[in-house]
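Participant: Provided below are the primary sequence and the corresponding predicted coordinates.
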Amino acid sequence: MRPAQPLTAAWQDIPVVLRGITSLGVSFRPLQAGALGLDPHEALQTLLGYPFQVIRLGAYWNRIEPSVGAFLTGELDRQLDAAEQAGKQIILCVGPIKTFGYPEFFVPARYLGQPLPEHMRITPATHPALLAAATDFIARLVERYKQRQGIIAWQLEHEAVDPLGVEHSWRLDHTFVEQEVAALRASDPGRPIMMNGFLPTSSLVGLTQWRATHDQGDSLAVSQRLADIVGIDYYPRHALLRLGARTLYLDGSASRLAQRRLRNIFVWAEAHGRQVMIAEGQAEPWEAVTTPPNPAGQRMASCLPEHIIASYNTCMRLSHPQALLSAYLFWGAEYWLLRAGSGDPGYLQAFARVLEEA
């Protein structure tokens, strides 16, 4: 279809499913805010004014340790202070190798020597120095922040054992991640660990992911084995490629395959006494470019404001009666601010409507 769609008020007419005990929230990406031309501090303050319960923040390793001997946490300190002052609960992603937000890889160059080799799994044996530096970073970071009452969970890695987007084919081996988990638990035994994984919503994406990860399981499978909270990344609509004036999309919003897998995870969680959350519920466009476009007077087809509510509704409905989601975090809050500043408040209004009516 044509990627740019006209503005409508369709988001106003979709019923909002009640959330029950599920907490609602967002992830905040300061680098994405900057890439969109926003002031990250002002963007965070604006978002914190909305009455959601949970925010996910990231500790970006190469920004905290930009040089030998540096440990610069001022930016993260300010984010945590602001979130706590706003009364939000916090999930802090301590990385260290992969952290949410493009490019998802924030290892200081001095710990690599050379780029990670493609088509390989990164193990403790192949990269012992990287593992030592990573676990040391985890320990230092947790030691600094573990007394903060606002932090309700740590996130370890981002889609831990999956390939890094489409740009790279290397993967973390599960043994590497297991040692990171052990280091995190040793640093703070009492606080739960969340790990997330991408849930394919189409057979094509599912097959692609299986081919890349079947030898040790994908990140959702590893999360179920290692984490206290299993985070699901749910993106039902995304572009495959641009074809002249049109774009080819995959739309898995009604996929029985995805719904079956979601239900199975909920059933498993109830049987094992574990928590499940939507770590990333798609709420911004996923087009055939890295940065979501911001067309004047139009919206991008892969995620319209009504899709924000529809995806939330799907996950909430599927979580019953097997288990309740502990949280649902909307992904794309910085984009909503960009759109609102460009004359289209529909995304923010759709989010606000969920908060008000759920």
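Facilitator: Nice, I can see it. Computed from a predicted structure; not experimentally measured. Numbering: from 1, shown residues only.
Participant: and residue 159, how many neighbours?
Facilitator: 27 (other CB atoms under 10 Å). From N, CA and C alone the C-beta is placed, and that goes for glycine too.
Participant: wait, residue 245
Facilitator: For residue 245, the neighbour count with other CB under 10 Å is 8.
Participant: could you pull out the strands for the stretch 151-300 of the chain?
Facilitator: Listed in chain order, the strands of the stretch 151-300 of the chain (DSSP state E, counting those that start in this stretch) span 151-155, 171-172, 193-199, 229-234, 237-243, 246-251, 275-282, 298-300.
Participant: Any chance of CSV for those, columns mean neighbour count, mean pLDDT and distance to residue 131?
Facilitator: Compiled in CSV, the strands of the stretch 151-300 of the chain are given as follows (neighbours: other CB atoms under 10 Å; pLDDT from 0 to 100; distance: least, CB to CB, whole Å):
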stretch, mean neighbour count, mean pLDDT, distance to residue 131
strand 151-155, 24, 98, 18
strand 171-172, 26, 98, 10
strand 193-199, 24, 98, 17
strand 229-234, 24, 98, 23
strand 237-243, 14, 94, 33
strand 246-251, 16, 96, 36
strand 275-282, 25, 97, 24
strand 298-300, 21, 98, 40
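Participant: Which residue is the nearest non-sequential neighbour of residue 144?
Facilitator: Leaving aside its sequence neighbours, residue 144 sits nearest to residue 73 (CB to CB, 6 or more residues apart in numbering; 6.4 Å).
Participant: wouldn't that neighbour be in contact with residue 64 here?
Facilitator: Yes. Here residue 73 lies in contact with residue 64, judged by CB atoms under 8 Å, at a distance of 5.9 Å.
Participant: closest one to residue 210 among the strands of the stretch 151-300 of the chain?
Facilitator: In terms of CB to CB, the element of the strands of the stretch 151-300 of the chain nearest to residue 210 is strand 193-199, at 11.9 Å.
Participant: For the closest one, which helices and strands make contact with it?
Facilitator: When contacts are defined as 3 or more CB pairs under 8 Å, 6 or more residues apart in numbering; DSSP states H and E, strand 193-199 sits against strand 151-155, helix 174-187, helix 219-226, strand 229-234, helix 256-272, strand 275-282.
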